[in-house]
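Peer 1: What shape does this take:
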Amino acid sequence: MQKEITEKINLLDSGGVISTPGWARRPFWLYNRENIKASPLRLKEWDYYCVLNDSGGIALTLSDMGYLGFASITVFDFDTKTETSRSVMVPLTLGKWRLPEDSNSGVSAYENKTLKIRFAASESRRELDFYWKNFNKDKDLSGKIELSTPDGNESITVATPFKENKHAFYYNRKINCLSASGSLALGKSKTFFTPADTFGVLDWGRGVWTYSNTWYWGSASGLVSGTPFGFNIGYGFGNLSTHSENALFYNGRVHKLDRVTFDIPGDNYLEPWHFSDNQGRLNLEFIPILDRSSKTDLVIIKSDQHQVFGRFSGKAVLDDGTELNIKDLTGFAEKVYNRW
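Peer 2: Purely as a prediction, here's the structure:
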């Protein structure tokens, strides 16, 4: 069953429980932080942007996980199959970063003596400003990227409860096919992004999570026969009896999928992956380029992440039965385990 929400509603009731789980084409749920019934140590809030073209791109994260804040930038070079990542952690932020409660407005920002990351959002435009001193050895990183989407374009938003704890929830919005323009400079080398070939995705998440979770997520955006196309697929945590986050995006409209399965080749994440759904509407092969992996084991806090970037090829079927042929669409797929 796929329960679609079509009007504005409070995310949490006065008891701190999700009022109506489901999915929506727009962020109809109102994130009312004052109704959260959990310790600030359990609240996780983040903005993640990933901007890619066939040659590479950049990913930027601002995350307030309660017990620490996390700021990160990764620069990708698909031609050389390399990535460079830098991150900083700030203890006991406890929501003090005050990331916006609305995915369509507000500013998310962090800076210190060596770095600055700032996201400014409006409904149809997002500006990403960043600077990191000595990002790669003695090379400074700087840049500004503007992401835009036509007014009225749809996205996928979900409100997911957890069976283990009635006060745990995840409110998430994914916006695909964001046209990108701007540039980044790494030392004396400069990379330009244009709407003709570069697209961004936003992962906007707010929630109280249970302690141990594994999730699967895949995303890609680009052009199919000159028309903006993308997809968001994922599963692995929470009570998904009323919805999934699986969707195709074509010319600004959502085409909803039901259940999707990730077929990952054991522990060799650089071998080809396969994706399919339970309705015969998605059949994709994924050829990896690089694995952005990280592993942390601090006993109480543990993380094992594989975010793999590469090309998707295969078929996707829209709601009206139109079959799209996908060829070498750049994107990523990941498997993440967190004990947090």
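
Peer 1: C-alpha from now on. contacts and neighbour counts both.
Peer 2: OK.

Peer 1: Wait, Arg25 touches Thr157, no?
Peer 2: Yes: the criterion here is C-alpha atoms under 8 Å, and Arg25 meets it with Thr157 at 6.3 Å.

Peer 1: And these two? Which one has more around it.
Peer 2: Thr157 (25 against 20; other C-alpha atoms under 10 Å).

Peer 1: Assess the claim that that one and Pro21 are in contact.
Peer 2: No: at 10.7 Å, Thr157 does not count as touching Pro21 under the criterion of C-alpha under 8 Å.

Peer 1: Just name the shakiest helix or strand of this structure by mean pLDDT.
Peer 2: Across the helices and strands of the chain, mean confidence by mean pLDDT, DSSP states H and E is lowest for strand 282-297: a mean of 90.

Peer 1: Output the contacting helices and strands for that strand.
Peer 2: Secondary-structure packing of strand 282-297 (3 or more C-alpha pairs under 8 Å, 6 or more residues apart in numbering; DSSP states H and E): strand 273-277, strand 302-317.

Peer 1: Output the longest one as CSV, restricted to C-alpha atoms.
Peer 2: Coordinates of each C-alpha in strand 302-317 appear next as CSV, following Å, rounded to 0.1, in the frame of the first residue of the first chain:
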residue,chain,number,x,y,z
LYS,A,302,30.0,2.6,14.8
SER,A,303,29.7,3.3,11.1
ASP,A,304,30.4,1.3,7.9
GLN,A,305,29.6,3.3,4.7
HIS,A,306,30.0,2.5,1.0
GLN,A,307,28.7,5.2,-1.3
VAL,A,308,29.6,4.0,-4.8
PHE,A,309,29.5,6.3,-7.8
GLY,A,310,29.1,5.1,-11.4
ARG,A,311,26.7,4.8,-14.4
PHE,A,312,23.2,3.3,-14.6
SER,A,313,21.8,1.7,-17.7
GLY,A,314,18.6,-0.2,-18.4
LYS,A,315,14.9,0.6,-18.4
ALA,A,316,12.4,2.6,-16.4
VAL,A,317,8.6,2.7,-17.0
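
Peer 1: now that strand against strand 273-277, angle please.
Peer 2: Per axes from the mean of the first three to the mean of the last three C-alpha atoms, to 10 degrees, the angle that strand 302-317 makes with strand 273-277 is 60 degrees.

Peer 1: just to revisit the earlier point, given the least confident helix or strand of the chain, what are its sheet partners and their directions?
Peer 2: Next to strand 282-297 in the sheet, as set by DSSP bridges, lie strand 273-277 (antiparallel), strand 302-317 (antiparallel).

Peer 1: Distance from the shortest one to the middle of the chain?
Peer 2: Right, the one you point to is strand 273-277. Distance of strand 273-277 from the chain centroid (C-alpha atoms, centre = their mean, to the nearest Å) equals 19 Å.

Peer 1: pLDDT of it, averaged?
Peer 2: Across strand 273-277, pLDDT averages out at 98.

Peer 1: Repeat that for stretch 218-230.
Peer 2: The average of the pLDDT scores along stretch 218-230 is 97.

Peer 1: Other residues contacting it?
Peer 2: Stretch 218-230 is touched from outside by 176-177, 197-201, 231-234, 248-252, 324-326, 329-334, with contacts defined as C-alpha atoms under 8 Å, 6 or more residues apart in numbering.

Peer 1: Would you mind writing the ChimeraX command to select the buried ones in the residues you listed?
Peer 2: With 16 or more other C-alpha atoms under 10 Å as the criterion, this ChimeraX line picks the buried residues out of the contacts of stretch 218-230:
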select :176,177,197,198,199,200,201,231,232,233,234,248,249,250,251,252,324,326,329,330,331,332,333,334
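
Peer 1: which regions of the chain sit below the pLDDT cut-off?
Peer 2: 1, 297-300 (pLDDT under 70).

Peer 1: Would you mark the buried spots in the lengthiest strand in it?
Peer 2: Longest strand in the chain, counting residues (DSSP state E): strand 165-186. Along strand 165-186, these residues count as buried under the neighbour rule (16+ other C-alpha under 10 Å): 167-186.

Peer 1: Moving C-terminal from that strand, which element do we reach first?
Peer 2: strand 189-193 (DSSP states H and E).

Peer 1: which element follows that following strand toward the C-terminus?
Peer 2: Heading C-terminal from strand 189-193 (DSSP H and E), you reach strand 199-208.
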